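Participant: Sharing a sequence plus its predicted fold:
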Amino acid sequence: MSKYSLAVDIGASSGRLILGHLENGKLQLNEIHRFENNIVQKGEHYCWDVDKLFNEIKAGINKCKDLDVKPESIGIDTWAVDFVLLDENNKPLTDAVAYRDPRTDGIMEEVFKVIPKEKLYLETGIQFQKFNTIYQLYALKQKSPEVLKKAKAFLMIPEYFNFLLTGKKANEYTNATSTQLVNAFTKKWDHELLDKLGINKEMFQDIKTPKTVLGTLSEELVSEFGFDMKVVLPATHDTGSAVISVPELEDTIYISSGTWSLIGVENRFPICVPKALEYNFTNEGGIDYRFRFLKNIMGLWMIQEVKRNYNDKYTFAELVDLARSEKEFNSIVNVDDDRFLKPENMIEEIQNYCKETNQQVPQTPGQIAKCVYESLVESYKHAINEIEEIFEKKFPKVNVIGGGCQNEMLNQIIADVTNKEVVAGPIEATAIGNIVAQLMALGEIKDISQARTIIKNSFEVKTYKQSFVRG
Ligand SMILES: Nc1ncnc2c1ncn2[C@@H]1O[C@H](COP(=O)(O)OP(=O)(O)O)[C@@H](O)[C@H]1O
Ligand SMILES: C[C@H](O)[C@H](O)[C@@H](O)C(=O)COP(=O)(O)O
Ligand SMILES: [Mg+2]
């Protein structure tokens with residue numbers, strides 16, 4: 001039996017700690033801790049409660065003792081773009097502001113006055129999302145320049161937790177690319193860009209790649225946990241870890257389906273052609289310097305907010321069943337409209353959109369849920385058409401990974417609308433990708449090819465084919 005590795009995967013709606021080890025050539029998982037993650041209001045900003053999250057990480061590690069398991073390594077991945085700035089005493093200068101905060105409204109356009117959009121895309125290959133780190137830092141520079149002046153270390157969220165575990169500071173490549181501040185060709189921080197923007201380049205750390213052993217736990221934490229661990233860098237951008245777990249990448253488009261739907265393909269080089277810019281695709285960094293050619297689609301965030309608007313009266317499974325019963329309801333919204341990024345009330349926002357577009361206004365929970373799911377698939381369909389246009393080829397398969405792959409109705413709608421074979425699973429793709437990167441660092445798995453073979457042999461997937469031709 002192989003050594004145990006512990007994955008910490010924190011998405012925008014939930015976090016989980018999952019133990020993984022190899023047994024008879026298969027990857028065995030054991031989820032030992034799960035917790036909610038939510039944006040909280042702190043002062044004038046939407047923030048992440050990083051103190052609460054770090055306490056949840058420690059609570060999960062302490063559960064290893066109850067299981068009498070001492071993992072050899074731990075690896076942390078989270079959502080992208082967000083960060084913490086440390087001062088000269090290694091203390092956070094501000095709260096960890098969340099990417100849905102409106103502080104970046106209008107900032108992208110300000111940055112384009114400094115560096116043209118086309119040039120920024122050619123150098124970074126990163127999609128234009130108004131919450132990218134580049135815009136968050138530029139907003140900070142404009143509103144609170146004194147904060148940037150005091151900043152001695154820029155750490156993204158997983159890297160901040162790594163610092164709390166080890167005292168070591170490092171930026172990790174896959175997540176660093178999501179900032180839109182890394183040059184897609186040099187794979188380094190783009191110092192010329194930072195100078196143009198007047199952002200102090202000295203606070204950025206060396207960029208390390210996945211499978212790097214960052215260090216071991218601090219003495220204080222070893223005594224708290226009762227054991228030490230190697231702290232390994234997986235692909236610390238959660239989607240970077242998720243894509244590692246796509247068992248079949250040949251001729252396959254993946255949809256990493258969680259709070260966001262990240263739809264794309266794996267590629268060996270960045271694609272920054274005009275069409276990729278026009279369709280707003282990104283080239284985020286992957287393991288072994290691969291590229292994740294993908295785009296963000298609003299995702300299951302919308303149904304998470306609908307669930308919250310109904311005061312959690314319905315489970316996700318119940319909302320799917322209610323949607324299933326609304327066969328005649330067909331209104332569609334543009335899920336990628338900024339109005340759905342952080343509305344006061346998602347249900348009302350969806351209803352207003354349908355009113356404004358002279359469509360039947362959804363009233364029941366089932367109609368609201370069906371509208372969300374059908375609208376997501378509409379956006380998936382467009383993205384798939386764009387990918388096939390850019391690659392000048394058809395992709396016969398769509399692999400849905402992440403929590404959203406449990407939504408059997410959504411999987412079936414994707415198959416019906418796209419007439420492609422939909423493969424659903426693995427659910428915990430992100431944690432699996434995190435674990436195999438650690439096991440590669442520990443020498444338990446040789447390389448990504450062996451990792452993907454193990455993953456394919458370890459997890460059941462479900463397949464969906466077109467059940468009827470949709471109009
Ligand atoms: N039983 C279920 N049926 C349908 N959808 C589900 C089910 N369980 C989870 N989901 C969907 O999965 C989403 C969470 O996916 P996950 O990958 O955990 O998100 P994240 O990593 O962004 O926090 C939920 O928002 C929900 O829509
Ligand atoms: C803000 C980013 O686009 C976002 O983090 C996305 O890249 C991502 O990875 C989301 O993962 P979830 O698990 O939170 O859906
Ligand atoms: Mg996730």
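Facilitator: Perfect, thanks for sending it. Ligands and ions are numbered 1, 2, ... in the order given.

Participant: For the residue of the stretch 351-471 of the chain found nearest ligand 1, grab the count of nearby residues.
Facilitator: The nearest approach of the stretch 351-471 of the chain to ligand 1 comes at Gly403, 2.2 Å away (C-beta to the nearest ligand atom). C-beta coordinates here come from the backbone N, C-alpha and C atoms, glycine included. The local packing of Gly403 (other C-beta atoms under 10 Å) involves 20 other residues.

Participant: do the one 3 residues further on as well
Facilitator: Gln406 is flanked by 17 other residues according to other C-beta under 10 Å.

Participant: Can you give me the distance of it to Val400?
Facilitator: 9 Å (C-beta to C-beta, to the nearest Å).

Participant: Now for those two: what residues contact both?
Facilitator: Ala424 (C-beta atoms under 8 Å, 6 or more residues apart in numbering).

Participant: all helices for the stretch 151-300 of the chain, in order.
Facilitator: 157-166, 173-177, 191-197, 219-225, 238-244, 274-278 (DSSP state H, counting those that start in this stretch).

Participant: I should have written the stretch 301-450 of the chain there, sorry.
Facilitator: Counting by DSSP H, counting those that start in this stretch, the helices of the stretch 301-450 of the chain are 301-309, 316-324, 346-356, 365-391, 408-418, 429-441, 448-458.

Participant: Let me have these in CSV, extended by mean neighbour count, mean pLDDT and distance to ligand 1.
Facilitator: Output for those, formatted as CSV (neighbours: other C-beta atoms under 10 Å; pLDDT from 0 to 100; distance: least, C-beta to the nearest ligand atom, whole Å):
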stretch, mean neighbour count, mean pLDDT, distance to ligand 1
helix 301-309, 21, 98, 5
helix 316-324, 18, 98, 4
helix 346-356, 18, 98, 12
helix 365-391, 21, 98, 9
helix 408-418, 20, 98, 8
helix 429-441, 30, 98, 7
helix 448-458, 17, 96, 17
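
Participant: Out of the ones you listed, the one nearest Ser245 is which?
Facilitator: helix 429-441 (3.8 Å; C-beta to C-beta).

Participant: Can you list the helices and strands that that closest one packs against?
Facilitator: strand 5-10, strand 14-23, strand 26-36, strand 73-78, strand 230-232, helix 238-244, helix 448-458 (3 or more C-beta pairs under 8 Å, 6 or more residues apart in numbering; DSSP states H and E).

Participant: between the first one and helix 429-441, how many degrees?
Facilitator: Angle of strand 5-10 versus helix 429-441, following axes from the mean of the first three to the mean of the last three C-alpha atoms, to 10 degrees, is 140 degrees.

Participant: now the last one
Facilitator: Going by the same axes, to 10 degrees, helix 448-458 is angled at 130 degrees with respect to helix 429-441.

Participant: what do you get for the fourth one?
Facilitator: Relative orientation of strand 73-78 with respect to helix 429-441: 140 degrees, computed using the same axes, to 10 degrees.

Participant: what's the following helix or strand after strand 73-78?
Facilitator: Downstream of strand 73-78, the next assigned helix or strand under DSSP states H and E is strand 83-86.

Participant: Centre of the chain to stretch 405-412, how far?
Facilitator: 19 Å (C-alpha atoms, centre = their mean, to the nearest Å).

Participant: Residues contacting that stretch, please?
Facilitator: Applying C-beta under 8 Å, 6+ apart, the set of residues contacting stretch 405-412 is 257, 300, 316, 320, 323-324, 373, 376-377, 400, 404, 422, 424-427, 462, 464, 467.

Participant: Kindly recompute the last result at 7 Å.
Facilitator: Stretch 405-412 is contacted from outside by 257, 320, 323-324, 373, 400, 404, 422, 424-425, 427, 464, 467, using C-beta atoms under 7 Å, 6 or more residues apart in numbering.

Participant: Alpha carbons only: can I get stretch 141-149 in CSV?
Facilitator: Presented in CSV, the C-alpha positions along stretch 141-149 are these (Å, rounded to 0.1, in the frame of the first residue of the first chain):
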residue,chain,number,x,y,z
LYS,A,141,-3.3,51.0,-6.5
GLN,A,142,-5.9,53.6,-7.5
LYS,A,143,-7.9,53.5,-4.3
SER,A,144,-5.4,52.5,-1.6
PRO,A,145,-1.9,53.1,-3.0
GLU,A,146,-0.4,53.0,0.6
VAL,A,147,-1.4,49.3,0.9
LEU,A,148,0.5,48.4,-2.2
LYS,A,149,3.5,50.4,-1.0
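
Participant: Can you tell me the closest non-neighbouring residue to Lys143?
Facilitator: Once flanking residues are discounted, Lys143 sits nearest to Arg103: 7.2 Å by C-beta to C-beta, 6 or more residues apart in numbering.

Participant: Could you tell me how many residues sit around Val333?
Facilitator: When neighbours are counted by other C-beta under 10 Å, Val333 comes out with 27.

Participant: Now do the same contact list for it.
Facilitator: 350, 353-354, 371, 375.

Participant: Tell me the one of these nearest ligand 2?
Facilitator: Among the contacts of Val333, Ser375 lies closest to ligand 2 (C-beta to the nearest ligand atom), at 17.2 Å.

Participant: Identify the residue spatially nearest to Lys381, adjacent ones excluded.
Facilitator: Residue nearest to Lys381 in three dimensions, not counting chain neighbours: Val417, with 5.4 Å by C-beta to C-beta, 6+ apart.

Participant: list the contacts for Thr166?
Facilitator: Thr166 neighbours (C-beta under 7 Å, 6+ apart): 214-218, 231.

Participant: Out of those, which two sit at the greatest distance?
Facilitator: Farthest pair in these, by C-beta to C-beta: Leu214 and Ser218, 12.2 Å.

Participant: More neighbours: which of these two?
Facilitator: Neighbours were counted for Leu214 and for Ser218 using other C-beta under 10 Å; Leu214 has more, 21 against 16.

Participant: Would you mind confirming that that one is in contact with Leu165?
Facilitator: No - using C-beta atoms under 7 Å, Leu214 is not in contact with Leu165, being 8.6 Å away.

Participant: Just give me the neighbour total for Asn407.
Facilitator: Neighbour number of Asn407 under other C-beta under 10 Å is 23.

Participant: Centre of the chain to stretch 461-471, how far?
Facilitator: 27 Å.

Participant: and that stretch with ligand 1, contact?
Facilitator: No - Stretch 461-471 is not in contact with ligand 1 by C-beta under 6 Å from any ligand atom; minimum separation 12.8 Å.

Participant: Assumed Ala12 was part of a helix.
Facilitator: No - using DSSP: H, G, I helix; E, B strand; the rest coil, the assignment for Ala12 is coil, not a helix.

Participant: quick one: contacts for it?
Facilitator: Listed by C-beta under 7 Å, 6+ apart, the contact set of Ala12 reads 37, 79, 259.

Participant: Would you agree the last one is in contact with Trp301?
Facilitator: Yes - the pair Thr259 / Trp301 is scored as a contact, 4.8 Å apart, by C-beta under 7 Å.

Participant: What number of residues are in the vicinity of the closest residue to ligand 2 within the stretch 51-200 of the chain?
Facilitator: Residue of the stretch 51-200 of the chain nearest ligand 2, by C-beta to the nearest ligand atom: Trp79 (3.3 Å). Residues lying near Trp79 (other C-beta under 10 Å) number 24.

Participant: where's it relative to ligand 1, distance?
Facilitator: Applying C-beta to the nearest ligand atom, to the nearest Å, the value for Trp79 to ligand 1 is 7 Å.
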